[in-house]
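[1] mind looking at a prediction? Sequence and model below.
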2 protein chains.
Amino acid sequence: MQPKEIKKYRKYFQELIFNKKDIVFYPGKYPNSIFLILDGKVRVFLNYNLGKEFTLTVLESGDVYSGHTRAFGQAITDVKIALIPIEVFRAMLTDLPGLVFGLVNVLGDALKGSIDVIEGLVFDEAGMRLIALLQEWSRDGETTDEGILIRLELTREEMSSMIGSTRQTLANIFKELSRAGLVELKQKKLLIKDFEGLKAFYK
Amino acid sequence: MQPKEIKKYRKYFQELIFNKKDIVFYPGKYPNSIFLILDGKVRVFLNYNLGKEFTLTVLESGDVYSGHTRAFGQAITDVKIALIPIEVFRAMLTDLPGLVFGLVNVLGDALKGSIDVIEGLVFDEAGMRLIALLQEWSRDGETTDEGILIRLELTREEMSSMIGSTRQTLANIFKELSRAGLVELKQKKLLIKDFEGLKAFYK
């Protein structure tokens, strides 16, 4: 930001102050404004009432973000922002070319963040399918002191294709489930150590 | 694009030609270049070998996109692009401020596209959970000539909370499944008309 050049636009700004944890913006709240973070940090996230939120990026002092998206913003520190009408912001952009690089960076980061979210969801989807498959197979499993022991009759290739995924993703899911202490993979056998925990893992 | 001003940079461009349907770029192919679409249209998408692709945006003549993302690009017409080294592109941006607005638009569109993908995945996830639930309930269902008839003992509110979703999303999923001819909702009863089709619907 170039404080001097920005000064002449300041009269068009509406300054707002938020406490840590406050919701700074939500979809449709400021459709015709741009936010400029003057001080503090704002987390940008998607929320679909699923009990989990998808963080896209974190805005810092000097960053700009559009009010015209489906994202929420939450103060992760005390925050001061400027609300700038879109027409004023357009004039500022032509006047202060440096400003637009900040916008490109923020958009690039948010895009990267949303691709991360997509990959997480795709991974969870494959995980949910694997767990459904294991539940089915566990009906023919052997109940032991340690848990339910399943004999795996398919190759890794066949299993990954059954869950519509790749061998690499399948291996990653098994790694994640093992690390969480839910299953133990032994060559052609799988021990389900915590059946209820497994069913709930990707929910 | 301003053809005249761009001319002096042209000697740094590497021009490439692709036929309709060709893959123009893939992750890691040109990590240090920016693409400028000179002619034609390129679809930008994510692919995780799931048998489906997630389209983020479509680039048109004059649009720029970075080679440094996890996205693929496919020619949807015959295409001519310029590969521009990042350092050259940086110099162009300071020289030709108009260029950066195109970049903001493209990034904004790609971000919007990726949020659409996230919403689609979240919707599919809720749909998969609903189908798992219906499969479970169908064990106590009544087999009729038209299909399996389930008595719904929960309110819509309770059902949506069981699939970790909202009433609105639940209603949309039922609408989608009905339209596909898989189920028929009748007040407190649900008729599963095509059990196999239902199981496969969100896969």
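    Received, thanks.
[2] centre of the chain to the helix or strand containing A:Gly108, how far?
    A:Gly108 belongs to helix A:97-138 when assigned by DSSP states H and E. Here helix A:97-138 shows a centroid-to-chain-centroid distance of 6 Å under the convention C-alpha atoms, centre = their mean, to the nearest Å.
[3] how about stretch A:81-91?
    On C-alpha atoms, centre = their mean, the centre of stretch A:81-91 falls 28 Å from that of its chain.
[4] name the surrounding residues that touch that stretch.
    With C-beta atoms under 8 Å, 6 or more residues apart in numbering or on different chains as the test, stretch A:81-91 has contacts from A:9, A:12-16, A:18, A:24, A:30, A:32-38, A:42, A:64, A:67, A:92. C-beta coordinates here come from the backbone N, C-alpha and C atoms, glycine included.
[5] now stretch A:5-18: buried residues?
    Across stretch A:5-18, burial judged by 16 or more other C-beta atoms under 10 Å in any protein chain shown covers A:6, A:9, A:13, A:16, A:18.
[6] sitting in strands, which of these do you find?
    The strands, defined by DSSP state E, take in A:16, A:18 from those.
[7] now the residue nearest the centre of chain A: which helix or strand?
    What sits nearest the mean C-alpha location of chain A, by C-alpha atoms, centre = their mean, is A:Phe54, with 3.2 Å. Applying DSSP H and E as the criterion places A:Phe54 in strand A:53-59.
[8] the next helix or strand after that strand packs against which elements?
    Later in the chain than strand A:53-59, the nearest helix or strand by DSSP H and E is strand A:64-66. Packing partners of strand A:64-66 (3 or more C-beta pairs under 8 Å, 6 or more residues apart in numbering or on different chains; DSSP states H and E): strand A:33-39, helix A:97-138.
[9] strand A:64-66 pairs with which strands, and in what direction?
    Paired neighbours of strand A:64-66 in the sheet (DSSP bridges): strand A:33-39 (antiparallel).
[10] angle of the helix holding A:Gly108 against helix B:97-138?
    Helix A:97-138 runs at 20 degrees relative to helix B:97-138, counting by axes from the mean of the first three to the mean of the last three C-alpha atoms, to 10 degrees.
[11] pLDDT averaged over whichever helix or strand comes after helix A:97-138, what's the number?
    Moving toward the C-terminus from helix A:97-138, the next helix or strand (DSSP H and E) is strand A:142-143. Mean per-residue pLDDT for strand A:142-143: 92.
[12] ok, now stretch A:77-93?
    Averaging pLDDT along stretch A:77-93 gives 91.
[13] buried ones in it?
    Using 16+ other C-beta under 10 Å as the test for burial, stretch A:77-93 gives A:79, A:81-84, A:89, A:92-93.
[14] in helices, which of the residues you listed appear?
    A:89, A:92-93 (DSSP state H).
[15] got the contact list for the residue nearest to A:Ile17 when sequence neighbours are not counted?
    Nearest non-adjacent residue to A:Ile17, counting by C-beta to C-beta, 6 or more residues apart in numbering or on different chains: A:Lys80, 5.3 Å away. Shown in contact with A:Lys80 (C-beta under 8 Å, 6+ apart): A:15-18, A:37-40.
[16] pick the one among those residues closest to A:Glu136.
    A:Phe18 (49.1 Å; C-beta to C-beta).
[17] and of the helices and strands packed on strand A:64-66, who's closest to A:Gln74?
    strand A:33-39 (12.7 Å).
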